[in-house]
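**Q** Need a 3D model of the following:
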Amino acid sequence: MTEAEAGRLDRYFALSKRGTSARTEVLAGFTTFLTMAYIVLVNPAILSAAGMPVASVAAATCFAAAFASILMGMTANVPLALAPGMGLNAYFAFTVVGQMGVPWPVALGCVFVSGVAFLVLTLTGVRQLIVSVIPPYLFAAVAGGIGLFIGFIGLKNAGIIASNPATFVALGDLKAPGAVLALFGMLVIGALSVWNVRGAMLIGIVATTIAGWLFGQVEVKPEPYSLDALTGTAFQLDLAGVFGLSGSHGLGLVEILFVFLFVDLFDNIGTLVAVTKRAGLIDAAGKIPGLNRILMTDAVATIVGSMAGTSTVTSYVESAAGVQAGGRTGLTAIVTGILFLATMFVAPYAQLVPLAATAPALIIVGGLMLLPLTEVEWEDPMSAIPAFLTVAMIPLTFSIANGLAFGITAHAALKLVRGTATRKDWFLFILAGLFVVRFIWMGAA
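**A** Below is the predicted model of the structure:
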């Protein structure tokens, strides 16, 4: 790269201004990719239960993640990577298609319509309004809650914790190969981190993966695959079915649209707040620079993802691993996207990096994300109660959206009880009311 090209890159992404470099951003991009590459295998496995062709979904997953992450980096300049969301893909396959009997092309049409709804809510300023009613201390609580969530996922993937019918969760078998491998990875990343080694996360993941290969802990069973597979799901969505113009679903799909809309809306806002806060991108007034561009990208990503043939595309909490590795700009997201694009050619081989190798990065990043909790005034019940509910409900319900909903509702209720509510809080109470209705609806379902 010439000096002139390096200068243009620096100016476009504001590398110097944000205290980073191209080398650091590339390392961060690799780190983010490695921590979320599991989606290339997991998403096809889940959506295949809906009758969708595995190879086609694998290609669609790589394409959607690449498109969304590169677009986020180019337009919003934040280190936020996107891919088809976990949770919503399971809802798509097992509830919408499996239980409700909706054909998968119609379900893809629902994803498309929800993406258009995201776009409309962004253009009309509703999504920005939602972000504006979240008090600063809840920003900190969301970041901490997501830290616990990420750490919990890492511990689960490593087998260090396991489900237990009596206590819900318990200590796993630490002698199991996966747990031993993950503990080794934690030691490597921890040691490199305390010595301030750049790229500690990436080095740790690679070292743990190599150790897994050497001790026979990685099994690779690639299936026949080519880029032509994308045609199996691309543009197969059935919009006529969504609006009742074909089949017998029609208005019965309103529930599906609501779930897609609600979960992605608040999962995305929660992830956005946590990652930008960890990257130091939230200004003194608690505002997120370039918020409109970030939200627009998210909406467009879901629309394009549905046309490619995958469930809702959303921001990934694993982006925090790249931020911890030094990522501060959109260049991190672009590198992640390029790696997903390259993975389209070798999708079945993504399993070369086992979950036990990425788990240590998630565990350590989760712990480091608890720092913002020091910003909460824990001695004041007005902030402590909503903050605690947010922090606790995110990992315990496995949902960022639920945690945010509990926190905002508690915040509104306490303002009302204490008598500090004003006319300016009108949207806060509308939002809290909608959350209450949703919880009642979920309980009655």
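**Q** Surely residue 314 is in a strand?
**A** Yes: membership of residue 314 in a strand is supported by DSSP: H, G, I helix; E, B strand; the rest coil.
**Q** Now do it, the pLDDT please.
**A** For residue 314, the pLDDT comes out at 90.
**Q** So the nearest residue in space to it that is not next to it in sequence versus residue 436, what's the distance?
**A** Among residues not flanking residue 314 along the chain, residue 85 sits closest, at 4.0 Å (Cβ to Cβ, 6 or more residues apart in numbering). Quick note: C-beta positions are derived from backbone N, CA and C, even for glycine. Here residue 85 is placed at a distance of 25 Å from residue 436 (Cβ to Cβ, to the nearest Å).
**Q** Pick out whichever of those two has more residues nearby.
**A** residue 85 (27 against 14; other Cβ atoms under 10 Å).
**Q** The more buried one against residue 318, yeah?
**A** No: using Cβ atoms under 8 Å, residue 85 is not in contact with residue 318; the gap is 11.6 Å.
**Q** which helices and strands sit right next to the strand or helix carrying residue 55?
**A** Element membership for residue 55, per DSSP states H and E: helix 54-76. Counting contacts by 3 or more Cβ pairs under 8 Å, 6 or more residues apart in numbering; DSSP states H and E, helix 54-76 packs against helix 39-47, strand 82-84, helix 291-308, strand 313-315, helix 330-343.
**Q** buried ones in the longest one?
**A** Along helix 291-308, the positions that meet the burial threshold by neighbour count (16 or more other Cβ atoms under 10 Å) are 291, 293-308.
**Q** quick one, that helix and helix 54-76 angle?
**A** Angle between the axes of helix 291-308 and helix 54-76 is 160 degrees (criterion: axes from the mean of the first three to the mean of the last three Cα atoms, to 10 degrees).
**Q** and the angle from helix 291-308 to helix 330-343?
**A** Computed by the same axes, to 10 degrees, the angle between helix 291-308 and helix 330-343 is 10 degrees.
**Q** what pairs with residue 163 across the strands?
**A** For residue 163, the beta-bridge partners under DSSP bridges are residue 169.
**Q** For the helix or strand residue 130 falls within, the averaged confidence score.
**A** Secondary structure assigned from DSSP H and E places residue 130 in helix 126-132. Taken as a whole, helix 126-132 has an average pLDDT of 81.
**Q** Quick one: list the elements packing against it.
**A** helix 104-123, helix 254-278, helix 291-308, helix 426-444.
**Q** How far off centre is the last one?
**A** Meaning helix 426-444. Per Cα atoms, centre = their mean, to the nearest Å, the displacement of helix 426-444 from the mean C-alpha position of its chain is 23 Å.
**Q** likewise the third one?
**A** Relative to its parent chain, helix 291-308 has a centroid offset of 14 Å by Cα atoms, centre = their mean.
**Q** before we move on, what about stretch 89-100?
**A** With Cα atoms, centre = their mean, you get 20 Å for stretch 89-100.
**Q** which residues touch residue 65?
**A** 36, 39, 40, 81, 82, 83, 84, 313, 336, 337, 340 (Cβ atoms under 8 Å, 6 or more residues apart in numbering).
**Q** swap that for residue 309, sorry
**A** Contacts of residue 309 by Cβ under 8 Å, 6+ apart are 52, 56, 57, 60, 108, 230, 232, 233, 234, 236, 237.
**Q** Output the helices and strands packed on helix 54-76 as JSON lines; include the columns distance to residue 283.
**A** Below are those laid out as JSON lines (distance: least, Cβ to Cβ, whole Å):
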{"stretch": "helix 39-47", "distance to residue 283": "31"}
{"stretch": "strand 82-84", "distance to residue 283": "23"}
{"stretch": "helix 291-308", "distance to residue 283": "11"}
{"stretch": "strand 313-315", "distance to residue 283": "20"}
{"stretch": "helix 330-343", "distance to residue 283": "17"}
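**Q** Of all the residues in stretch 156-169, which ones are buried?
**A** Buried-residue list, stretch 156-169, by 16+ other Cβ under 10 Å: 156, 157, 158, 159, 160, 161.
**Q** of all those residues, which two lie farthest apart?
**A** Spatially, the most separated pair among these is 157 and 161, at 9.8 Å (Cβ to Cβ).
**Q** Helix 254-278 and the helix or strand following the helix holding residue 130, what's the angle between them?
**A** Per DSSP H and E, the first helix or strand lying C-terminal to helix 126-132 is helix 136-158. Here helix 136-158 runs at an angle of 100 degrees relative to helix 254-278 (the same axes, to 10 degrees).
**Q** gap between helix 136-158 and the chain center?
**A** Worked out by Cα atoms, centre = their mean, helix 136-158 lies 12 Å from the chain centre.
**Q** so what secondary structure elements neighbour that helix?
**A** Secondary elements touching helix 136-158 (3+ Cβ pairs under 8 Å, 6+ apart): strand 161-164, helix 177-194, helix 254-278, helix 319-324, helix 355-368, helix 381-396, helix 400-418.
**Q** what is the orientation angle of the fifth one with helix 254-278?
**A** Read that as helix 355-368. For helix 355-368 against helix 254-278, the angle by the same axes, to 10 degrees is 70 degrees.
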